[in-house]
Structures are given as C-alpha cells and as structure tokens.
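K.L.:
Show me how the following folds:
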Amino acid sequence: MEEDLTNLEWRFSEWLVQAGGLNPQNVLEYFSLSPYWDPESNNAILKMQTQFNELEPLDMKLREMTGIEFVLAHERWPVLFVIRKQRRRSPDEAIPIATYYIINGNIYQSPDLYSVMANRMLTSLTHLQSAFREAHKFAEFHPSRGYSWKIETEKSQNPSGQRDNPGGSLLRQQEVKEYRSCIDRAIYTAGIKLPTEQTNDVSNSKKAGLTLTSIQSVMSKAAMAAQKAQLELAEQQSLKRKKRPDQDLSSLRKKKKKKSD
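P.N.:
Predicted structure coming up:
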C-alpha cells in the first residue's frame, strides 16, 4: 500500500538557487528529487538510458512506452506547475493516478476526489448531528397533546439587558391617567360653556370660529380665577405677618406689668 503524502510539503532551496528558478524544461528534474518520485517509472528508465535532457524527445519516447509515467499537465511559469502521475496503456490512452502541484518551489500532493468528498460529508454530518442534539433539548412530550416545542420567552425587551423598573412604570401610568382626566375635564367644561343656539344659515367656518372663541374665553376665566386665588393667598400671608409684631408687643407689656407688681 502506498504511503499517504498529502500532508507533506517538500522544497529544495539550494537546487532552486543553483538552477536559477523553475521552468518547463527543468521542473520534472526538480520533481525527481522529491519523495513523490517513483524510481521505477518510465521517466526514470529513460533518464538512465539516455543522456539527453530535452523535454520533447523524452515526451515522444514516453508515448511509445507503457506503465507509470510523470508528465507536465499544466504550467503558469514561473509560479505554478501541475504534474500528473498516470498509467499509460497506449499512445492515446492514459489513466490518471495522482496529481501534484508546485507553487513557488513548494511541492504538494493534491488529495483525491474520494478523500475530499469523505472529508466534506463527515464535516456536514457532524454539524447535522450537533443540530439534532440541540433541537432535541427543546422537544417535549405530553400524553394528551403529543410532541411540542419548548420556546423560551424573553425576560425583557430592553436591548441593554437591564430589567425594567416597575415603580417607574406605575408612576408613569398614573401621570398619563391624570393628564387624560384633566384633558377630559377641560373638554367637558368647554362643551358646557358653548352656546346652544343653532341656526341653519350659519356656515361651518363660523361654527369653528365660535367654538374657538368660547374655548379661549373659558381658558381666560380659569386664568383669572387662578390669579385671584393667588392674590387672596398673598393677602392672607401679609395679614398674618402684620399681626405677629402686635402680638409680640402685647406679650412684652404683660411681662413688664408682672415684674412691676
């Protein structure tokens, strides 16, 4: 059984410096130094039998032979070279066995299709298994209802994650209720003060103007009443302040009389 070299990266920096880099003519010679090379291949046999290093004569002779061989399948010189290992049966028929690629002097073995598909399927099945396990936690069974999903309710709708303040919400509700009651009373009072006379010849614009003036009169009367109440309160406070000095003088006189007696 062949050794799995898909996890191996091979490079010969000294040879690259001496050769001045890779090109389509010397890339197979560089590849023959790597552990991916098969010493029993047709390329190795031809290299031992001939002294020519040119690629075209070797390529022509490889087509006439049968067995394992290495060919340059694709190249983007000087960065990328793709080498294919194949079994040749005839000059026009060759079965691919493995593929290798060279990137900037580093040689890698490309994984086969079976390994790629097996790895992808294993990864997907692992994620599916974890998803089924997570979904199984939320499944509940009841004899009368059968199976159902257990859905957790959100603790709070506040995006900051802080709990809502119940005291503040109650206070806000009370303020809203008081505001609405004041508005209702004002509307009701304004409706009572409106004139009840109705005429068929009055236009909609006059009715709107009459309603506005009546509301303004009610508001002015309320303001006058509030101002009057404030004045009365101020007068009462001033009277109290005036009485205090008189009371103090009468108390002093009484004390003096007691001392003289």
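
K.L.:
gap between residue 111 and residue 73?
P.N.:
Counting by Cβ to Cβ, to the nearest Å, the separation of residue 111 from residue 73 is 16 Å. For the C-beta atoms, the positions are set from N, CA and C on the backbone; glycine is no exception.

K.L.:
and what of residue 5?
P.N.:
Where residue 73 is concerned, residue 5 sits at a distance of 18 Å (Cβ to Cβ).

K.L.:
Next: residue 41.
P.N.:
For residue 41, the distance to residue 73 - Cβ to Cβ - is 15 Å.

K.L.:
which of those two has more neighbours?
P.N.:
residue 41 (18 against 15; other Cβ atoms under 10 Å).

K.L.:
ok, the more buried one to residue 79 distance?
P.N.:
Taken as Cβ to Cβ, the span from residue 41 to residue 79 is 26 Å.

K.L.:
and residue 82, which of the three is it?
P.N.:
With DSSP: H, G, I helix; E, B strand; the rest coil as the basis, residue 82 sits in strand.

K.L.:
Now do the phi/psi pair for the closest residue in space to it that isn't next to it in sequence.
P.N.:
Excluding the flanking residues, the one nearest residue 82 by Cβ to Cβ, 6 or more residues apart in numbering is residue 74, at 4.0 Å. Phi and psi for residue 74, reported as degrees, to the nearest 10, are phi -160, psi 150.

K.L.:
how near is residue 74 to residue 86?
P.N.:
Counting by Cβ to Cβ, the gap from residue 74 to residue 86 is 14 Å.

K.L.:
repeat for residue 121
P.N.:
27 Å.

K.L.:
the more surrounded of these two?
P.N.:
Neighbour tally, residue 121 and residue 86, criterion other Cβ under 10 Å: the higher count belongs to residue 86, 18 against 10.

K.L.:
pretty sure the more buried one is in a strand, no?
P.N.:
Yes. The assignment for residue 86 by three-state DSSP puts it in a strand.

K.L.:
Would you agree it is in contact with residue 99?
P.N.:
No. Here residue 86 lies out of contact with residue 99, judged by Cβ atoms under 8 Å, at a distance of 9.4 Å.

K.L.:
okay, now the closest residue to residue 36 other than its chain neighbours: neighbour count?
P.N.:
Excluding the flanking residues, the one nearest residue 36 by Cβ to Cβ, 6+ apart is residue 100, at 5.7 Å. When neighbours are counted by other Cβ under 10 Å, residue 100 registers 21.

K.L.:
Return the per-residue confidence for residue 100.
P.N.:
Here the pLDDT value assigned to residue 100 is 95.

K.L.:
which ones are touching it?
P.N.:
Residues counted as contacts of residue 100 (Cβ atoms under 8 Å, 6 or more residues apart in numbering) are 31, 36, 82, 83, 84, 85, 107, 108, 109, 110.

K.L.:
secondary structure class for residue 78?
P.N.:
Three-state call for residue 78 (three-state DSSP): coil.

K.L.:
next one: residue 148
P.N.:
Residue 148 - assigned by three-state DSSP - is strand.

K.L.:
Any regions of the stretch 51-200 of the chain where pLDDT drops low?
P.N.:
51-57, 152-169, 171-172, 175-176, 178-200 (pLDDT under 70).

K.L.:
ok, now how distant is the nearest residue to residue 96 once chain neighbours are set aside from residue 28?
P.N.:
Among residues not flanking residue 96 along the chain, residue 86 sits closest, at 5.0 Å (Cβ to Cβ, 6+ apart). The spacing between residue 86 and residue 28, counted by Cβ to Cβ, is 14 Å.

K.L.:
That'll do, ta.
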